[in-house]
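Asks: I would like to see how this sequence folds:
(chains A, B, C and D)
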Protein chains: 4
Amino acid sequence: MAGNSIGKLFRVTSFGESHGPAIGCVVDGCPPGLPIDVRVVQRALDRRRPRVVGAVSQRSEPDAVEILSGVFDGRSTGQPIALLIRNRDVRWLDYSRIDQLFRPGHAEYTYWHKYGINDHRGGGRASARETAVRVAAGAIASSWLGAGHGISVSAWLSRIGTLELPFRDASDLAASPRFVADARLEPSVEALLADYRDSGDSVGAEVAIAIRLPAPLAERAGDWGHDWQGLLGHALMGVNAVKAVEFDEAEDALQIRVAVKPTPSVHLPRRTIDKAGRPAVLMTRGKRDPCIGIRAVPVLEAMVWLSLADMVLRERAVHAGALTGGD
Amino acid sequence: MAGNSIGKLFRVTSFGESHGPAIGCVVDGCPPGLPIDVRVVQRALDRRRPRVVGAVSQRSEPDAVEILSGVFDGRSTGQPIALLIRNRDVRWLDYSRIDQLFRPGHAEYTYWHKYGINDHRGGGRASARETAVRVAAGAIASSWLGAGHGISVSAWLSRIGTLELPFRDASDLAASPRFVADARLEPSVEALLADYRDSGDSVGAEVAIAIRLPAPLAERAGDWGHDWQGLLGHALMGVNAVKAVEFDEAEDALQIRVAVKPTPSVHLPRRTIDKAGRPAVLMTRGKRDPCIGIRAVPVLEAMVWLSLADMVLRERAVHAGALTGGD
Amino acid sequence: MAGNSIGKLFRVTSFGESHGPAIGCVVDGCPPGLPIDVRVVQRALDRRRPRVVGAVSQRSEPDAVEILSGVFDGRSTGQPIALLIRNRDVRWLDYSRIDQLFRPGHAEYTYWHKYGINDHRGGGRASARETAVRVAAGAIASSWLGAGHGISVSAWLSRIGTLELPFRDASDLAASPRFVADARLEPSVEALLADYRDSGDSVGAEVAIAIRLPAPLAERAGDWGHDWQGLLGHALMGVNAVKAVEFDEAEDALQIRVAVKPTPSVHLPRRTIDKAGRPAVLMTRGKRDPCIGIRAVPVLEAMVWLSLADMVLRERAVHAGALTGGD
Amino acid sequence: MAGNSIGKLFRVTSFGESHGPAIGCVVDGCPPGLPIDVRVVQRALDRRRPRVVGAVSQRSEPDAVEILSGVFDGRSTGQPIALLIRNRDVRWLDYSRIDQLFRPGHAEYTYWHKYGINDHRGGGRASARETAVRVAAGAIASSWLGAGHGISVSAWLSRIGTLELPFRDASDLAASPRFVADARLEPSVEALLADYRDSGDSVGAEVAIAIRLPAPLAERAGDWGHDWQGLLGHALMGVNAVKAVEFDEAEDALQIRVAVKPTPSVHLPRRTIDKAGRPAVLMTRGKRDPCIGIRAVPVLEAMVWLSLADMVLRERAVHAGALTGGD
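Replies: Numbers count the residues shown, from 1 in each chain, chains lettered A, B, ... in the order given. Sure, this is the predicted structure:
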């Protein structure tokens, strides 16, 4: 989410720091009458959570989501839907030793410079944890658009380091803990991650997202043209660690490829400065995820759903009679 | 708040229904480094709460506010500030008997027509309770602008029915449970309210708001011109039960007068329709506040603070060096 | 227009100073396929123009409007519609003598203070002339909404000074050069204006606006609730010289009353300051319109049409199948 | 420009079709007091124009820009700046023969499907011509930010087909008609273009953009973080023919690489459908530019300036005292 809000009509405003009391968001603009099931939102969050020790961060946040408003008797009311995720695993002390240092590649130096405070509790707002909120909001959008409208969005890990991971099978993807769409490649991914974990280094990745739209909407999408690209570019480029976005119009789908940078905080010693501006060496242990690109898969998919929801509402405003549903 | 969000740079997005699990808001755009004290926000909420049985609603919601994000070590971080107020006094059953009826003057009929559901739990989103959120957000804005910038906003009950209530003294206003700015008139107000309460009817009121700005900002306000008025008009006209807004430029202050309608739900029998469209008689007991104008005073004052905060940020964008503070 | 843009989906951005080369606007969000006739826009502008010497400003600007984009073969294309009105009657010299003075009640002092320049050419941007643009844009909105949707907006001069001017007849209003809705009162209005013109003073007025909506939309308007009011409040309060706005929900219509201040620049000598800050006496001759409220009638009506267009588009986004037309 | 507007505080709204009467834009939010020279804007437009027959389109539009508002005595007034470019070279007849056909790769089919009209006059709104407006608006932004603030933005053609074109020298770039930053490679580019022109085919390209910011702003940019990327992604991805955007943070600059698709309309025969849906063969002659990437260079540079202007204004709002200038 570039900034703290995204969308014009289907608008999500997020809040919360990774180690504050809670993170959450307000989804405003969701049409009334849609079935909203908190378990669907929870499932989306669970899918995002680290499932295999070592592959991704070992922080075992349960990410239990609560719907605070905008849903009554299992349906959206048309009013703002507030989602809340309490942070239960607040281990501030773990971070206390780096209180006086800045981690390179994190936003901390500029935070400190700007605010005169160094919220050293896990990267604060810029942390990957904030992305949980996007996944939750995306689940609201996909609940609406993904049901009976012929719209599908499918994201998978398409490359890790130099290992290409082409799409093979939707059920492989559904079963994969690392969003690999070809089960035969899973062991190679695991081996590669183990290597990086052992060496304490991290690795970049690429996420592919295939979007299918029903014919009338696809035609309109052609008309949205660069609007479409501009909005998706905004949504995807605003995600933490994203480095590049590429659009491909295939015969029956739009495919997007998103390059994701290596995780910035690793076990290696790095040079930084302390608060007095003196050089220092930092050996971070805060995060152990060698490939943030894995965790980015459901986040990027959620960003696409959110963008689609906004675009469909805009389209309905201009063309009464465009995609109906939920009202 | 017209809609669920207000402001362009100092932007508040509210959520929550009066009888759902919680109400709250996200304040985005608050400059970093401002002292934010949850007790100040709580005090603003307490000031809004019914204090005298009979004068206003007897619903004894404690309105305990929690700051979920955007504040660290007592200061704003520049990130979204989420405020949460749990609804503890959820007495749905009290409303169950009017499940099949629509209360005239409430938004219920159109809600039901639109959504096919009748969220009969106390007026839902359109309820006066939602205004608590605005008061809380306004306390953030006034914490910033009201401290050391020479800006003051003062609102009082300036008329109830035909009883004029001119400003006399700031300390009278501070001490008054009903925002009357002349202590000598308090008994008349109380007597008048008692009459209305006894008869089960309700009465309109007028709220006056005096805004004082430091010279340079006042000059710029002149330049903002109708922008100023347009934004304030938006903010004030969007408040529940407001009927009219009038602007007066006095020598050293802008004064606004806001007419507030009588409370719509009273003890009198009223004609309505049931869900089958048949005429019915409704004897409401849900609310007993004979003069919603009293409760509107801190809400309207908060809306002015929120508008000022947004205008000051816009002004700073255009004129680097305009009102500083908090960073 | 509070600021230079109004509307979220039906969005108008205006530009131009009264004595620069041109004024105009861009109307973005107009649905495609609507019949757009430049003559209808021109007629709206002509209706706004001074028609009776003496009653209103004698400046004889022809206000010829040109459509630069967004219309092809007489229909909107769905792309931005740019409207341009060249300023032909640029008599800068008339204003040269007041180059060193500031006119009281105009925004000039703050302009000068802010920008270090005094664009003394007729009040610059704050001039009533800018309102021509709103009338032109409003004609686009009313072309769409006023045709076959059962929506009507009717504005008239409902008071001048203390002379009340109730609505009597739509054909009286259509024929009146001063937007008086009862032809029998026209002579009294003329006499009153002559008095003010002779004395060189000016007089306040009130404009009434009656809005009728088809039943389904009216119900939804009830649901928009204070959104409706907030948006209209924004649109109307942002008009030059507006002082107060009052809403009344009658049985079958919403009626709004707008109080308009007396014209600020008159023939009377006024105290002001010169650029050195020294007191000076200013005898303005730049404008001779004793009652700006007359000219405000079509402007305020246009602002209501623009607000309605934006609200209908928002409504269509949320409720696919709301008011159709034009596509 | 994704959609017709871009920016929140420095906001540009564009209008106009390539073969309508005019194209233009309104730049709202430009701080007052900035020197604005119409010749600087004109020079930016001239730089974008085809200069070498054959390399780019032979359409010889003079692109004479007029400033309609917002500038007085050579300085911005703080009011909207409207820019107008009349289309003088309107040769509709050239396009008449393809009236009944749709050009593949253009947005025409969806336009026709959506609007029931086929504005066959040169691609309408989606045409590359609309990008002139962005270049003009970008010149306003760069006039402000590029003068004395230590900000520089430099774009060049970094690849055409498979021919890599690294940066060598700023003066080479300034002198190059095709935005090649190494004069020694110019002949190879010319030869390659000649080949494509002869074969009637077109070729993709890559544009590199190097952004340098003064230290305090660069630090803040780090804090904007993905906001920065999201906004730039939005601005760049929304440009016609852009296919991919990649961000690189070098030691002292941010570098962006933008992949641009081959020109869609070429001399080759292509399969399309006519309005009755029947297959047809289209041999287009409307455009002869074998590499749209060349023309994209100043457009993409302009989009970066516009994004920076918006970001600086937002930054000033949050941090009074951030980059000053122009007021």
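Asks: residues from chain A in reach of chain B?
Replies: If contact is defined as CB under 8 Å from any CB of the partner chain, the residues of chain A in contact with chain B are A:4-5, A:11, A:13-17, A:20-24, A:26, A:28, A:32-33, A:66, A:68-70, A:72-73, A:75, A:77-82, A:84, A:114-117, A:119, A:124-125. C-betas here are computed from N, CA, C, even on glycine.
Asks: which of these are buried?
Replies: Among the residues of chain A next to chain B, those classed as buried by 16 or more other CB atoms under 10 Å in any protein chain shown are A:4-5, A:11, A:13-17, A:20-24, A:26, A:28, A:32-33, A:66, A:68-70, A:72, A:75, A:77-82, A:84, A:114-115, A:117, A:119, A:124-125.
Asks: quick one, strands of chain A?
Replies: Taking DSSP state E, the strands of chain A run over residues A:5-6, A:11-16, A:22-28, A:65-67, A:71-72, A:75-76, A:81-86, A:152-160, A:163-164, A:205-212, A:242-249, A:254-260, A:269-273, A:279-283.
Asks: tell me what the longest one is packed against?
Replies: Packing contacts for strand A:152-160, counted by 3 or more CB pairs under 8 Å, 6 or more residues apart in numbering or on different chains; DSSP states H and E, involve helix A:170-175, helix A:186-199, strand A:205-212, helix A:292-318.
Asks: wondering if stretch A:304-322 reaches chain D at all.
Replies: Yes - if you take CB under 8 Å from any CB as the test, stretch A:304-322 does meet chain D, through A:H319.
Asks: pLDDT-wise, which helix or strand of chain A ranks last?
Replies: Using mean pLDDT, DSSP states H and E, the weakest-scoring helix or strand in chain A turns out to be helix A:108-115, at a mean of 47.
Asks: of the strands of chain A, which stretch is the most buried?
Replies: Among the strands of chain A, strand A:11-16 has the highest mean neighbour count (mean count of other CB atoms under 10 Å in any protein chain shown), at a mean of 29.
Asks: so does that one get close to chain C?
Replies: No - using CB under 8 Å from any CB, strand A:11-16 stays clear of chain C, coming no nearer than 10.8 Å.
Asks: surely A:R75 touches A:P31?
Replies: No - because the distance of 10.4 Å does not satisfy CB atoms under 8 Å, A:R75 is recorded as not touching A:P31.
Asks: show me the contacts for A:S176.
Replies: A:S176 makes contact with A:W156, A:A183, A:E186 under the criterion CB atoms under 8 Å, 6 or more residues apart in numbering or on different chains.
Asks: redo the residues you listed as JSON lines? Include pLDDT.
Replies: Converted to JSON lines, those look like this (pLDDT from 0 to 100):
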{"residue": "A:W156", "pLDDT": "98"}
{"residue": "A:A183", "pLDDT": "98"}
{"residue": "A:E186", "pLDDT": "97"}
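Asks: distance to C:A241 added to the residues you listed, as TSV?
Replies: Putting the contacts of A:S176 into TSV (distance: CB to CB, whole Å) gives the following:
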residue	distance to C:A241
A:W156	61
A:A183	72
A:E186	72
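Asks: from those residues, pick the one nearest B:V38.
Replies: Nearest to B:V38 out of the contacts of A:S176 is A:W156 (CB to CB; 44.2 Å).
Asks: which residues does the closest one contact?
Replies: Contacts were defined as CB under 8 Å, 6+ apart; by that measure A:W156 touches A:L165, A:F167, A:L173, A:S176, A:F179, A:V180, A:A181, A:V207, A:A208, A:V297.
Asks: if we go to 6 Å?
Replies: With CB atoms under 6 Å, 6 or more residues apart in numbering or on different chains as the criterion, the residues that contact A:W156 are A:L173, A:F179, A:A181, A:A208.
Asks: confirm for me that the last one is in contact with A:R257.
Replies: If I follow you right, that is A:A208. Yes - using CB atoms under 6 Å, A:A208 makes contact with A:R257 at a distance of 5.4 Å.
Asks: what distance separates stretch A:140-157 from the middle of the whole chain?
Replies: A distance of 15 Å separates the centroid of the chain from that of stretch A:140-157, by CA atoms, centre = their mean, to the nearest Å.
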